[in-house]
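predicted structure and sequence below. I'll ask about it afterward.
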Amino acid sequence: MSGFDPEDAALMRQAPTVVIETSAGPGEPAHQAIVWIVVDADGRAFVRSWLGRRGRWYRELVANPDGGVQVGHRRIAIRAKHADPAGIETCSRLLQVKHSSAKGSLLSMLRDEILDTTLELEPR
């Protein structure tokens, strides 16, 4: 299964931000960060680190891809993987649609040097 079920996909799609939960490894304390998330029509979810590889949540998800996304009171278990080129492009396009009014912040999320920090989240 690659995409999220329709209910979870809709929750993430509609949320301006979500809380992403990561950890340095199994049994390590959880860390939370507020991130932008976008979800395509097939229920595929993407996140990107505006700090690039320096972002703690990004580093932790790359090292330990199991985590969670909190949307309101709902926690959705996820597994992260690097997005392929089509996923990176989809993420950029959806960010531009979802966050069009956040001009400065949006531009920081579209910089060439951070595009490769785009992760695709899958249900776990």
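Looks like it arrived, so ask away.

skip ahead from the helix with the most length in the chain and say which helix or strand is next.
Across the chain, the longest stretch assigned as helix under DSSP state H is helix 85-98. Later in the chain than helix 85-98, the nearest helix or strand by DSSP states H and E is helix 103-109.

what about that following helix, distance to the chain center?
16 Å (C-alpha atoms, centre = their mean, to the nearest Å).

does anything pack onto the helix or strand just after that helix? Which helices or strands?
Next helix or strand after helix 103-109 toward the C-terminus (DSSP H and E): strand 119-123. Here strand 119-123 touches strand 45-47, helix 56-63, strand 74-82, going by 3 or more C-beta pairs under 8 Å, 6 or more residues apart in numbering; DSSP states H and E. To be clear about C-beta, it is placed using only N, CA and C from the backbone, and glycine gets the same treatment.

ok so, going back, so what touches the longest helix of the chain?
36, 38-40, 44, 46-48, 83, 106, 109-110, 115-116, 118, 120 (C-beta atoms under 8 Å, 6 or more residues apart in numbering).

at 10 Å what do you get?
With C-beta atoms under 10 Å, 6 or more residues apart in numbering as the test, helix 85-98 has contacts from 13-16, 36-42, 44-48, 81-84, 102, 105-107, 109-110, 115-120.

could I have the buried ones of these as PyMOL selection syntax?
The following PyMOL line selects those of the contacts of helix 85-98 that are buried, judged by 16 or more other C-beta atoms under 10 Å:
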select buried, resi 13+15+36+37+38+39+40+44+45+46+47+48+83+106+109+115+117+118+119+120
